[in-house]
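Asks: Could you look at this predicted model? Sequence included:
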Amino acid sequence: MSPKIEITGKKYLVGIRMEMSLIADQTPQLFGTFMPKRNAIPDKANGNVILAKFYSQDYFSNFNPSTSFTKMAAVEVNAPTDVDGFESIETEEGLYAIFEHTGGPGDSSIFEYIFREWLPQSAYELDNRPHFDIMPADYFSSEVKREEILIPIKADLKNNL
């Protein structure tokens, strides 16, 4: 399961944020709040729904499943915009490992593979930018759940010298 390695341009996201941890996961509540309201967001870039995850600089090096981080359920818009009741952010351009994943929301096997197998054996290390799960428009109605998992990376200079 090799990822595509691509530079992803900046994104303008509009959505709702929530603080949580892996142990106190509130992703269903986050989407339960966001999904009924998402049609109020104008100028969508596409029909995708994005789960953006924001981790502290040391989240993965001092991993603890009870450590809090932020998730944002969002859609991508074509230009920066403010919409009442939503937060708007702009993400920076950067290098990402893009994994195709088929499985349900509770299937964490892709993340175990990425962080325990692929990343340690790759020529990359994590970069401190948002992680993205990109779900196509039919994700929530389809029996087969397909999504793209984008992990921010940079060259691992310690292992490439």
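Replies: Structure received. Numbers count the residues shown, from 1 in each chain.
Asks: Tell me which residue lies nearest the centroid of the chain.
Replies: By Cα atoms, centre = their mean, the chain has its centre lying nearest to Phe132, at 1.7 Å.
Asks: residue boundaries of the helices in the chain?
Replies: Counting by DSSP state H, the chain has helices at residues 27-34, 109-113, 119-121.
Asks: buried ones in the second one?
Replies: When neighbours are counted by 16 or more other Cβ atoms under 10 Å, the buried residues of helix 109-113 are found to be Ile110, Phe111. (Each C-beta comes from the backbone N, C-alpha and C, glycine too.)
Asks: Work out the gap between that helix and the centre of the chain.
Replies: On the basis of Cα atoms, centre = their mean, to the nearest Å, helix 109-113 sits 14 Å off its chain's mean C-alpha point.
Asks: The residue nearest to Lys10 when sequence neighbours are not counted and Glu100: what is the separation?
Replies: Excluding its sequence neighbours, the residue lying closest to Lys10 (Cβ to Cβ, 6 or more residues apart in numbering) is Glu93, at 5.0 Å. Taking Cβ to Cβ, to the nearest Å as the measure, Glu93 falls 22 Å from Glu100.
Asks: quick one: contacts of the lowest-mean-pLDDT helix or strand in the chain?
Replies: One helix or strand of the chain scores below all others by mean pLDDT, DSSP states H and E: helix 109-113, with a mean of 90. For helix 109-113, contacts defined as Cβ atoms under 8 Å, 6 or more residues apart in numbering pick out Met1, Phe99, His101, Gly103, Ile149.
Asks: Can you report how many residues lie near the residue nearest to Tyr55 when sequence neighbours are not counted?
Replies: Excluding the flanking residues, the one nearest Tyr55 by Cβ to Cβ, 6+ apart is Phe69, at 4.8 Å. By the criterion of other Cβ atoms under 10 Å, Phe69 has 14 neighbours.
Asks: Pretty sure Phe69 sits against Ile23.
Replies: No: counting by Cβ atoms under 8 Å, Phe69 sits too far from Ile23 to count as a contact (11.6 Å).
Asks: just to revisit the earlier point, residues contacting the residue nearest to Tyr55?
Replies: Glu19, Met20, Ser21, Lys53, Phe54, Tyr55, Ser56, Tyr59.
Asks: and if you look at Lys53?
Replies: By Cβ under 8 Å, 6+ apart, the contact set of Lys53 is Phe69, Thr70, Lys71, Met72, Pro130, His131, Phe132, Asp133.
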